[in-house]
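Asker: Got a sequence here, can you build the structure:
(4 chains)
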Number of protein chains: 4
Amino acid sequence: MTHSIAILGASGYTGAELIRIIATHPQLRIAALSADRKAGQEMSDVYPHLRHLDLPRLCTIDEIDFDKIELCFVALPHGLSQALVRDLPRHVKVVDLGADFRLRDPAAYEKWYGAPHAAPELQKEAVYGLTEFYRDQIRTARLVAGTGCNAATVQYALRPLIERRLIDLDDIICDLKNGISGAGRAAKEAMLFTERASDVLGYSQGGKHRHLGEFDQEFSAIAGRKVEIIFTPHLVPMSRGILASCYVKGDAHAIHSALAERYADEPFIRVLPFGKAPGTGGVLGSNFCDIGVVGDRKPGRAMVVAALDNLNKGSSGQAVQNANLMLGLPETSGLMLSPVFP
Amino acid sequence: MTHSIAILGASGYTGAELIRIIATHPQLRIAALSADRKAGQEMSDVYPHLRHLDLPRLCTIDEIDFDKIELCFVALPHGLSQALVRDLPRHVKVVDLGADFRLRDPAAYEKWYGAPHAAPELQKEAVYGLTEFYRDQIRTARLVAGTGCNAATVQYALRPLIERRLIDLDDIICDLKNGISGAGRAAKEAMLFTERASDVLGYSQGGKHRHLGEFDQEFSAIAGRKVEIIFTPHLVPMSRGILASCYVKGDAHAIHSALAERYADEPFIRVLPFGKAPGTGGVLGSNFCDIGVVGDRKPGRAMVVAALDNLNKGSSGQAVQNANLMLGLPETSGLMLSPVFP
Amino acid sequence: MTHSIAILGASGYTGAELIRIIATHPQLRIAALSADRKAGQEMSDVYPHLRHLDLPRLCTIDEIDFDKIELCFVALPHGLSQALVRDLPRHVKVVDLGADFRLRDPAAYEKWYGAPHAAPELQKEAVYGLTEFYRDQIRTARLVAGTGCNAATVQYALRPLIERRLIDLDDIICDLKNGISGAGRAAKEAMLFTERASDVLGYSQGGKHRHLGEFDQEFSAIAGRKVEIIFTPHLVPMSRGILASCYVKGDAHAIHSALAERYADEPFIRVLPFGKAPGTGGVLGSNFCDIGVVGDRKPGRAMVVAALDNLNKGSSGQAVQNANLMLGLPETSGLMLSPVFP
Amino acid sequence: MTHSIAILGASGYTGAELIRIIATHPQLRIAALSADRKAGQEMSDVYPHLRHLDLPRLCTIDEIDFDKIELCFVALPHGLSQALVRDLPRHVKVVDLGADFRLRDPAAYEKWYGAPHAAPELQKEAVYGLTEFYRDQIRTARLVAGTGCNAATVQYALRPLIERRLIDLDDIICDLKNGISGAGRAAKEAMLFTERASDVLGYSQGGKHRHLGEFDQEFSAIAGRKVEIIFTPHLVPMSRGILASCYVKGDAHAIHSALAERYADEPFIRVLPFGKAPGTGGVLGSNFCDIGVVGDRKPGRAMVVAALDNLNKGSSGQAVQNANLMLGLPETSGLMLSPVFP
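Answerer: Model prediction:
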């Protein structure tokens, strides 16, 4: 039996990645694709790589007959999803890939996003979409909030360690290296090929990145106390991929054991042997997250390194994984595609 | 029912791509992986991106029990396959991804590869693996010779035109732009990141590239006269992909119609609307070949542009497509993966 | 003695490259930098790599005191230079890096640029800035029109051959591979890192590229008859560089001799030994143009390959070379910087 | 007056960069270039980008007449310089770009490089080549040991802070992003274009990188106590450049003031305004090092970011800067080339 889904905001990179994944998903069927500014266009004009697929023409959201839609993926810029999701028919399940429902606290939302939330009641209802840690709630959720791509990467590295108090909670430094697709498809001078091709550059430095709102919420919740990490992303010249180098204080072997144990049965988290760290090249195009732990010559110090594909495990792959749970499908359905290398 | 296959020479890029494709192929099962110099190693050490797969350890060819193998993919450097394939048990079907069986004429082989062929009787038996043009023979073949990646790209662009005499056979110029993975994984100074990252450079220029042997054989056969094209590949700073810009003399609209008609029912050849040309970015990671035709301000001139992924449609995807036919499976089985973009 | 110059339109890539070159030029002094939309900003904010230089703040053109300016480099989008150059004080020499004065014929200008020329009398006065071929006229010119970057590359490869009738004038095919900086710094979706990083894609195909106006004008003039080449540029994933692969009919050795002889005394044109073709990697960041000639297995066919840096020899380096001549300075002054590799 | 120099080991990337710099240096003249395995070849065959220069043919070291050489740049793999430098005539000044003389302590050398030093008396004589901090000793030195490229980057960021005790000496974490040219031109599988083009990968993690020997030596010396930093380099897909993200405990404003003050008169160190961090794109091809300081939302935390070109300021540019001092020339001679962007 197939389930009809819609993608709202299908013209961005996460929309295209959703389509790519769903195209070989045995139980999902794309019934509608919206993209307000490109309504009326064929998807093959917007994304020529998808031209072999028989897809519905891009439409406006108003044109969608939601009676026939079981689940919506919402891939809109933050701010736009709130009212939209609020006004969808209640029978439609929603996986939001944007930032609008990640924070449960209206004050936190306003602090990080600069405006009050338009649907605070939904903020409370939404389940945080980090599948491996919210699996049971996701199964029964109507609205799941996809995590930030950086937020996912670092949480895979650190959640089990914070939960089990294996690391010093006051000294966590996360240095990220990010592929450019995280910036989306909007035309910006700073994201031109020429600007990025030979540059490594930090951004939102100094505790200003919005994903910190997620880290604070999640890490403080599981620690039972306030936890604030130091987190700096850097743009590097590649299209996809995030590498999180997390510098922590704790016993490297205990850290590795905890991670290996926690993820032993997880189909998408691959923990490397102790002392080996992953690169982004091993996960591109896939829903896998690779994690490694390396000790240091300084005792009591360790590095936890996590790598994932921001468009896939960090966004659209995660979204499908959550949709699978919400629809009662096998969690891995459509997602066991191997990474593409080289 | 699944078919057991072996990959001989599994440690190269085409070997890894075969594994990636076969991993989600519903009817193929990898029973053995050989790599003489890396025998004993785990595939996950050689290619970390495949570490989620349950694969046999790399072995030597001698260690393989061929009684249990129905079909072998041979991904060895040219010269090594000849005696090896000759000595395989006759019940084993073979798809050779190398150059050893592409040329049917022993003299032509010796001319282009600089040594006499070790198994000339197999040269005659081998079927040329350009699926869309040798489909019926491939179905019943025991030995299929995978085409050169450049040879595939240009033939998709030009074969229907040469067959139907739509272009001047004495004035065909094919300028190719090639991703670096075509050079394989061998450590060579010229293929270092630093050497290639900001360089576009022709190679094997002036009619020296070995794929010319294939072009001469195939184009002359279908034209019923000698046809020699001008063909120049260029290395460009990307890992995968070939773009063939073919400059021909003929009527652009007639050319487009002929290609559109010829490939209308082909599942993996996507002909674009007249006047549009593809890029490599639309086919990476997939078994698709995109073709476009553009006219010129000079009447009677046209450009036929073809794009494919050299490791996939140009090599390992083609190999699986041929194996599907040889094993009586649906031709598209395991191959409908969409391209990865960006 | 130093000469005071101004750069109008200093915020684009060619403006930045002009500043980089002039910064170590012993006889030029930057007196004014204009950039209308960024007027008031420091150059170091627009181009951080130049932050060590003591440069005038960006201003509007109106703010410049032209009494103190001896020569202006005009690096504005085409269309904007015409009236502007017309209205400059007559004592100011002008090197225009844009397209406004490249075509001498008002009808040709209107055909290729879609609007009548605003200063047709200047069209006639302007000297075409291909230094090695217009040197004497440039010395005494008040207005020099920089060539298109593609136009320069191909002309270096072919002018001596057309002049001496060494090649068939009716069968010239030029396939170009272009770095992305040729598209400038304007924010365009198609020029994002993610769009270009793994793609090779032709553009303005089919005889539509505006540089054809220059080719027609120049090649027809030196041939004494109408010459129309086939010319197709392709975007490749690198920031700088143009490789022109020119397929011609003629004797390869005679072609090589003619080029070697013609450029023997040229300081910036490096002709390689017969049979060797250059790559773009050998000229980046410099004012050099490398040229190679390769024969073919088909007699009477040859490939002439030219490589240069589109921002330097193809634009800003050429502009300084012309300015040197116009100001009576040594032609190579400030320009002998070696290419940067890797 | 010009000074005759030789480059021993001229066929590596640092050798080529030395030649590029010296080619426009007004007081240095290249008298000999050695490259044992490539002896007899023309430099233009080894590095086509330098083909416009009139350079001596590559020779063996034995063929060099050192009577005519005033200063040698030694760009050999570590281990080879020791005996070689010991046996050079005493009148020859030496700038060693390798690792052989960076560590003053024979035991430290053996610990980090795995073999006893062959010329321990020279280890003591050698002056550490971080120009801005050893300027006076370098002026009178006969042997200067070029620093590691990572070691230079991090020391520019941190030395003034450690000297003045502005940061916690027990909690310094330096995460580096490195261009691939740091691995040199040797053919290695791991450095192929295909392996590196879409990968970010840490290396020598966990306190194993040899540059730690330099950090320990230098930082402990200026602190007057043992200082051990945590230091992890990462390969990113670009040819040149190092970005060092240094996470420290201290007052961000005090840190910025100290750095701005310390480097106010340094011609090659560009300190950015408070709150701004540099990228590698702003220094490529130049001898500049850019430094920025950013605070954090967590009080008492700061990030010091330094960027330089590993082949230039991190190696060959530094070497020329030191040679200038050793020869009594202006320190900036030949080195004021602006960075190349894009």
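
Asker: What ranges does the stretch 51-200 of chain A have for its helices?
Answerer: Secondary structure of the stretch 51-200 of chain A by DSSP state H, counting those that start in this stretch: the helices cover A:81-87, A:106-113, A:120-125, A:131-140, A:149-163, A:193-196.

Asker: Pull the contacting residues for the residue nearest to residue A:201 when sequence neighbours are not counted.
Answerer: Closest residue to residue A:201 apart from its sequence neighbours, by Cβ to Cβ, 6 or more residues apart in numbering or on different chains: residue D:279 at 3.3 Å. C-beta coordinates here come from the backbone N, C-alpha and C atoms, glycine included. Residue D:279 is in contact with A:199, A:200, A:201, A:202, C:48, D:243, D:307, counting by Cβ atoms under 8 Å, 6 or more residues apart in numbering or on different chains.

Asker: Quick check on the first one: phi, psi?
Answerer: Okay, so that is residue A:199. In terms of degrees, to the nearest 10, the main-chain angles of residue A:199 are phi -130, psi 140.

Asker: With mean pLDDT added, can I get the helices of the stretch 51-200 of chain A in JSON lines?
Answerer: As requested, these are exported to JSON lines (pLDDT from 0 to 100):
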{"stretch": "helix A:81-87", "mean pLDDT": "92"}
{"stretch": "helix A:106-113", "mean pLDDT": "94"}
{"stretch": "helix A:120-125", "mean pLDDT": "92"}
{"stretch": "helix A:131-140", "mean pLDDT": "98"}
{"stretch": "helix A:149-163", "mean pLDDT": "98"}
{"stretch": "helix A:193-196", "mean pLDDT": "98"}
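
Asker: May I see those helices arranged in CSV, with mean neighbour count as well?
Answerer: As requested, the helices of the stretch 51-200 of chain A are arranged in CSV below (neighbours: other Cβ atoms under 10 Å in any protein chain shown):
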stretch, mean neighbour count
helix A:81-87, 18
helix A:106-113, 16
helix A:120-125, 16
helix A:131-140, 17
helix A:149-163, 25
helix A:193-196, 26
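
Asker: Quick check: residues of the stretch 201-342 of chain A near chain B?
Answerer: A:239-240, A:267, A:270, A:272, A:278-279, A:281-286, A:288, A:290, A:336-342 (Cβ under 8 Å from any Cβ of the partner chain).

Asker: Selecting buried members of those residues in ChimeraX, what would you type?
Answerer: Applying 16 or more other Cβ atoms under 10 Å in any protein chain shown to those, the buried members can be selected in ChimeraX as follows:
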select /A:239,240,267,270,272,278,279,281,282,283,284,285,286,288,290,336,337,338,339,340,341,342
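
Asker: Filter the residues of the stretch 201-342 of chain A next to chain B down to the ones in strands?
Answerer: A:270, A:290 (DSSP state E).

Asker: For residue A:297, list the residues it contacts.
Answerer: With contacts taken as Cβ under 8 Å, 6+ apart, residue A:297 has the following neighbours: D:206, D:207, D:208, D:212, D:228.

Asker: do that again at 7 Å, thanks
Answerer: Residue A:297 is in contact with D:206, D:207, counting by Cβ atoms under 7 Å, 6 or more residues apart in numbering or on different chains.

Asker: Could I get the pLDDT score of it?
Answerer: pLDDT, residue A:297: 95.

Asker: Next: the one 3 residues further on.
Answerer: Per-residue confidence (pLDDT) for residue A:300: 97.

Asker: So it sits against residue A:252, correct?
Answerer: No: counting by Cβ atoms under 7 Å, residue A:300 does not reach residue A:252; the two are 8.6 Å apart.

Asker: can you tell me how far residue A:215 sits from chain C?
Answerer: From residue A:215 across to chain C, the span is 26 Å (Cβ to the nearest Cβ, to the nearest Å).

Asker: what's the burial count for that residue?
Answerer: The tally of other residues near residue A:215 (other Cβ atoms under 10 Å in any protein chain shown) stands at 22.

Asker: would you put the C-alpha positions of the helix or strand hosting it in PDB?
Answerer: Per DSSP states H and E, residue A:215 falls inside helix A:211-223. In PDB, the C-alpha atoms belonging to helix A:211-223 read as follows (Å, rounded to 0.1, in the frame of the first residue of the first chain):
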ATOM      1  CA  HIS A 211      21.200  26.100  16.000                       C
ATOM      2  CA  LEU A 212      22.500  27.000  19.400                       C
ATOM      3  CA  GLY A 213      18.900  27.300  20.500                       C
ATOM      4  CA  GLU A 214      18.500  23.600  19.700                       C
ATOM      5  CA  PHE A 215      21.700  22.600  21.400                       C
ATOM      6  CA  ASP A 216      20.700  24.500  24.600                       C
ATOM      7  CA  GLN A 217      17.200  23.000  24.600                       C
ATOM      8  CA  GLU A 218      18.300  19.500  24.000                       C
ATOM      9  CA  PHE A 219      21.500  19.300  26.000                       C
ATOM     10  CA  SER A 220      20.100  21.100  29.000                       C
ATOM     11  CA  ALA A 221      17.000  18.800  29.000                       C
ATOM     12  CA  ILE A 222      19.000  15.600  29.000                       C
ATOM     13  CA  ALA A 223      21.600  16.900  31.500                       C
END
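
Asker: Check which helices and strands that helix sits against.
Answerer: Judged by 3 or more Cβ pairs under 7 Å, 6 or more residues apart in numbering or on different chains; DSSP states H and E, the packing partners of helix A:211-223 are helix A:106-113, helix A:149-163.

Asker: quick check: angle from the first one to helix A:211-223?
Answerer: If I follow you right, that is helix A:106-113. 140 degrees (axes from the mean of the first three to the mean of the last three Cα atoms, to 10 degrees).

Asker: quick one: the residue in the stretch 151-300 of chain A that chain B sits nearest to and chain D, what's the gap?
Answerer: Closest contact between the stretch 151-300 of chain A and chain B, by Cβ to the nearest Cβ, is at residue A:282 (4.1 Å). Residue A:282 sits 8 Å away from chain D, going by Cβ to the nearest Cβ.

Asker: can you tell me how far that residue sits from residue A:237?
Answerer: Remark: distance between residue A:282 and residue A:237 (Cβ to Cβ, to the nearest Å) = 18 Å.

Asker: Where does the prediction get shaky in the stretch 201-342 of chain A?
Answerer: For the stretch 201-342 of chain A, no stretch has pLDDT under 70.

Asker: who's in contact with stretch A:286-295?
Answerer: So stretch A:286-295 is contacted by A:156-157, A:252, A:255-256, A:259, A:268-272, A:274-278, A:282-283, A:302-309, A:312-313, A:317, A:321, A:335, A:337-339, B:52, D:205-206 (Cβ under 7 Å, 6+ apart).

Asker: Return the distance of that stretch from the chain's centre.
Answerer: Stretch A:286-295 sits 15 Å away from the centroid of its parent chain (Cα atoms, centre = their mean, to the nearest Å).

Asker: List the residues that contact residue A:117.
Answerer: Residue A:117 is in contact with A:82, A:106, A:109, A:110, A:123, counting by Cβ under 7 Å, 6+ apart.
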